[in-house]
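S.K.: With the input below, show me the fold.
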Amino acid sequence: MPRLTFTGATAGNIAMQALLNLRRRWFPPAQPAPDPAATALTNARALLVHAAAAGKPVQNTVVQPILDMQAALAVPPVPAATEQAFYVALTELARATADISKRPRDKREYPFEDAVEDAEQLLKHAAETGTAVPPNAATAIIAARTALKTNALTDQIRGTFYAAYSDLSKLFGDVTAETIRNCGSPLTRQALRRDRTWALTVTALVALVSIITFVADSTVKKINEDIAGANDLAAKLRVGLTPGDGSQDISAVLAGNPCSQVTEPQPGGGNAPRVRTVADVNQLQEFAGTTRALQSRGVKLNDMLRLITFSRFEECNPFAVTCSAEKEGADQNYTEKETNRKNLALRLQISAIVNYPAEVLCRISTYQDVRSFATNVRDNYASVIGAVTSYALPIVYALLGAYAYRLRLFADTIRKRSYHPSFSDSARMITAVIAGAICGLFNPAQGLALSPLAGAFLVGYGVELFFKLLDTLINSFGSGGPGATPVKP
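M.R.: Prediction:
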């Protein structure tokens with residue numbers, strides 16, 4: 001076998017060639033950037049082929065600048081006039097061969113294209129709900145879509161389509177392509193989320209106010225019962241100190257402060273009234289307990305009222321430094337209030353040597369202070385809650401009724417695929433607020449055994465009741481409103 005021999009120069013060339021091949025493989029040379037004009041010419045020729053395949057005639061004023069551009073690119077440089085005419089022709093060619101069925105829907109200057117898209121949406125809805133569609137109507141709509149794609153619309157196709165579209169729309173009534181799209185629109189979900197948030201907020205506010213007023217009304221009822229019972233006990237205790245025959249003398253007690261004489265020996269000797277039986281102690285104990293209960297309920301009602309009105313209707317407690325005005329300044333009567341607070345409890349040393357008349361009169365004096373505090377708090381609560389119940393709560397209940405109606409209508413229209421947002425929704429809410437503000441004057445629930453707040457809720461739920469009431473009132477004066485029947489002479 002012959003042996004191959006390489007000279008040094010030949011071996012070096014082979015090695016150099018191998019390195020160059022590796023370099024080309026690992027580091028390929030950068031490709032030159034494509035010529036924009038050549039790319040545009042390729043697109044123009046493709047559009048000409050598409051127009052020819054679709055049977056779309058193209059004007060010579062469009063074809064010739066393209067041919068001129070092709071010739072100029074073969075022998076550069078390209079004249080500026082030739083390039084400008086080419087791009088104008090390319091724009092016209094792209095517009096002429098575009099599929100007009102793909103135009104965006106947000107451009108409302110294409111009513112026929114929008115109608116075709118809406119008709120196809122109804123066809124889809126009919127197929128999903130199992131609604132039978134006349135075959136000629138479906139064929140006409142599909143033919144209109146095909147004509148749009150091929151840009152082969154004629155007046156006959158348009159007329160046949162609109163007749164089929166009209167027949168299709170009659171099958172669904174209030175359901176349209178727009179309402180079907182609205183049911184799945186993000187704006188619809190956003191509106192539902194907003195209404196749900198507001199409805200829950202108003203419901204929580206109504207529930208909170210209802211709980212506060214229920215507790216406060218129960219406290220007021222107990223205060224009235226305590227005052228009535230304590231008044232009766234005070235009268236019995238006071239009459240027991242001075243019988244009709246005048247045999248008992250309490251003039252010494254009446255001359256000074258009875259609370260300061262409780263622990264002193266009882267004056268008057270045998271003519272002064274004393275504790276005779278257990279019934280006397282029980283009666284006095286019951287009176288003291290009623291006084292303490294009245295004081296406690298008055299403080300609780302005062303705290304609730306202070307919370308509701310932000311301390312605008314705060315009543316100063318005569319037995320503790322609770323009034324904010326007294327806390328800000330040094331209360332000069334703190335010592336006296338500490339003493340009065342001790343007077344709320346009954347002394348344990350009631351016996352023959354304890355001043356029983358002073359104890360009874362001190363008890364009555366303390367009760368009078370408690371009664372004055374409790375009645376002032378009760379009157380403040382009645383004025384505040386009366387204003388809220390008469391003017392503020394009807395608005396809130398009417399607004400809650402409007403949201404209840406709106407959510408019910410929303411669910412019904414979404415289920416039927418007939419939801420259509422309208423500016424009348426906000427107008428209805430405003431009307432409900434106005435109706436709630438003045439429903440206390442008209443009392444639309446009169447004769448229905450409903451509370452004014454329930455009437456406000458009904459007015460908000462159906463503002464038509466409010467309009468009907470207004471029309472009836474205006475009609476009674478001889479002038480009819482919208483929808484009212486004029487009074488016949």
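
S.K.: Show me which positions of stretch 49-65 end up buried.
M.R.: Of the residues in stretch 49-65, 51, 56, 58, 62, 65 count as buried by neighbour count, 16 or more other C-beta atoms under 10 Å. (C-beta placed from N, C-alpha, C; glycine too.)

S.K.: Make JSON lines out of the residues you listed and add secondary structure, pLDDT and distance to residue 120.
M.R.: Listed next are the buried residues of stretch 49-65 as JSON lines, based on DSSP: H, G, I helix; E, B strand; the rest coil; pLDDT from 0 to 100; distance: C-beta to C-beta, whole Å:
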{"residue": "51", "secondary structure": "helix", "pLDDT": "76", "distance to residue 120": "26"}
{"residue": "56", "secondary structure": "coil", "pLDDT": "73", "distance to residue 120": "24"}
{"residue": "58", "secondary structure": "coil", "pLDDT": "82", "distance to residue 120": "30"}
{"residue": "62", "secondary structure": "helix", "pLDDT": "85", "distance to residue 120": "32"}
{"residue": "65", "secondary structure": "helix", "pLDDT": "88", "distance to residue 120": "38"}
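
S.K.: Between those, which sits nearest residue 205?
M.R.: Set against residue 205, the nearest of these by C-beta to C-beta is residue 56 (66.1 Å).

S.K.: So residue 57 lies in a strand, does it not?
M.R.: No: with DSSP: H, G, I helix; E, B strand; the rest coil as the criterion, residue 57 is assigned coil and is not in a strand.

S.K.: Excluding covalently adjacent residues, which one is nearest to it?
M.R.: With sequence-adjacent residues excluded and distances taken as C-beta to C-beta, 6 or more residues apart in numbering, residue 57 is closest to residue 51, at 7.7 Å.

S.K.: Could you measure from that neighbour over to residue 88?
M.R.: Residue 51 sits 17 Å away from residue 88, going by C-beta to C-beta, to the nearest Å.

S.K.: Please work out the average pLDDT along stretch 420-428.
M.R.: Regarding stretch 420-428, the rounded mean pLDDT is 76.

S.K.: what comes up buried for it?
M.R.: Result for stretch 420-428 [16+ other C-beta under 10 Å]: buried residues residue 428.

S.K.: That one spans what distance, first to last residue?
M.R.: End-to-end span of stretch 420-428 (C-alpha to C-alpha, to the nearest Å): 15 Å.

S.K.: roughly how far out does the one helix or strand residue 226 maps to sit from the chain middle?
M.R.: Per DSSP states H and E, residue 226 falls inside helix 186-241. Put simply, helix 186-241 sits 24 Å off its chain's centre (C-alpha atoms, centre = their mean, to the nearest Å).

S.K.: Show me what that helix is packed against.
M.R.: Counting contacts by 3 or more C-beta pairs under 8 Å, 6 or more residues apart in numbering; DSSP states H and E, helix 186-241 is packed against helix 278-309, helix 356-387, helix 393-416.

S.K.: Residue 79 is nearest to which of these?
M.R.: So among the helices and strands packed on helix 186-241, helix 393-416 is nearest, using C-beta to C-beta, at 63.4 Å.

S.K.: which helices and strands does that closest one pack with?
M.R.: Contact partners of helix 393-416 among helices and strands, from 3+ C-beta pairs under 8 Å, 6+ apart: helix 186-241, helix 424-442, helix 452-461.

S.K.: Reformat these as a markdown table; add distance to residue 117.
M.R.: A markdown table is the format used below for these (distance: least, C-beta to C-beta, whole Å):
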| stretch | distance to residue 117 |
| --- | --- |
| helix 186-241 | 19 |
| helix 424-442 | 26 |
| helix 452-461 | 38 |
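
S.K.: lowest-confidence stretch among those helices?
M.R.: Per-stretch mean pLDDT for the helices and strands packed on helix 393-416 is lowest at helix 424-442 (a mean of 78).

S.K.: quick one on the thing from earlier: please determine how far the residue nearest to residue 57 is located from residue 367.
M.R.: From residue 51 to residue 367 the distance is 106 Å (C-beta to C-beta).

S.K.: how about the helices of the stretch 51-200 of the chain, start to end?
M.R.: Taking DSSP state H, counting those that start in this stretch to define them, one finds helices in the stretch 51-200 of the chain at 60-74, 80-97, 111-129, 135-150, 155-170, 177-183, 186-241.

S.K.: hang on, residue 313 in a strand?
M.R.: No: secondary structure assignment places residue 313 outside any strand; it is coil (three-state DSSP).

S.K.: That one - how many residues pack around it?
M.R.: 17 (other C-beta atoms under 10 Å).

S.K.: surely residue 375 meets residue 227?
M.R.: Yes: if you go by C-beta atoms under 8 Å, residue 375 and residue 227 touch, sitting 7.2 Å apart.

S.K.: circling back to that earlier point, want to try JSON lines for the helices of the stretch 51-200 of the chain, with distance to residue 306 as columns?
M.R.: Output for these, formatted as JSON lines (distance: least, C-beta to C-beta, whole Å):
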{"stretch": "helix 60-74", "distance to residue 306": "85"}
{"stretch": "helix 80-97", "distance to residue 306": "76"}
{"stretch": "helix 111-129", "distance to residue 306": "60"}
{"stretch": "helix 135-150", "distance to residue 306": "71"}
{"stretch": "helix 155-170", "distance to residue 306": "63"}
{"stretch": "helix 177-183", "distance to residue 306": "49"}
{"stretch": "helix 186-241", "distance to residue 306": "12"}
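
S.K.: Thank you, goodbye.
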